[in-house]
Structure formats: structure tokens, C-alpha cells
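Asks: Have a look; sequence and predicted model below, questions after that.
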Amino acid sequence: MQFDVNAMMGDVGVGAVVGFVTGYAIKKVMKLALALIGAYVASLFWLQQKGVIVIDKDKLFNLVGQWSHEILTAGEKLMGILPGTTAFLGGFALGFHKG
């Protein structure tokens, strides 16, 4: 059996690139979802200030907390599904950090 370093480096490079792109995309999607929740809550407060609606703030904050928790839980579940190669995880961590 021959040890081919070039083939191994190609696999490591592809895993790192795919991991980086995946981590970057996941963080961007999570940021977008949380920003949309924030915009929704801000619009509700604006409508309350204008006298259009009345808000029970305790219930609203509980609901928003549940949404945020669901988004973060989905991210954790996705982490469990992803492949566990070192190159992929290293690229993923870098992409998630940069995202």
C-alpha cells in the first residue's frame, strides 16, 4: 500500500473549504433569523407607541425567548449532523467565527 500525500491533502483541503462555507452560511442564516425576530418585536413596539395595539410585554418576551431558543437549538442539532473530520470542523469553526 502506497501513501499518497497529494490525495490526502486534496481531501483535507476540500473538507476545510466545505466546512468554512457551511459554518459561514449557518451563522448568516441564524443572524438573519434573529434580526427578523428583532425587527418584528420593534415593529410591535412602534405600533403600541402609536396606539394601534396593546402588548402584554411578559407574554411577548416569553414568546421571543422561545423563538430564539428554537433557533439556537436547531443550530445545535445541525452541529450533531455534520461530519466530524478535523479539516471540516476546523473550516467550520473558522467560517462560523468569520460569519
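Replies: Now that the structure is in, tell me what you want to look at.
Asks: Any stretches of the protein with poor pLDDT?
Replies: 1-12, 84 (pLDDT under 70).
Asks: Going by residue numbers, what spans are helices in it?
Replies: 5-49, 57-81, 86-98 (DSSP state H).
Asks: Just name the most buried of these.
Replies: Highest mean neighbour count among the helices of the chain (mean count of other Cβ atoms under 10 Å): helix 86-98, with a mean of 17. Heads up, the C-betas are built off the backbone N, CA and C, glycines and all.
Asks: my read: residue 64 touches residue 37, true?
Replies: Yes: taking contacts as Cβ atoms under 8 Å, residue 64 lies within contact range of residue 37: 6.1 Å.
Asks: Would you mind confirming that residue 60 makes contact with residue 43?
Replies: No: Residue 60 lies out of contact with residue 43 (Cβ under 8 Å); the separation is 12.0 Å.
Asks: For residue 41, list the residues it contacts.
Replies: Applying Cβ atoms under 8 Å, 6 or more residues apart in numbering, we find residue 41 in contact with 60, 64.
Asks: which ones are touching residue 30?
Replies: So residue 30 contacts 71-72, 75 (Cβ under 8 Å, 6+ apart).
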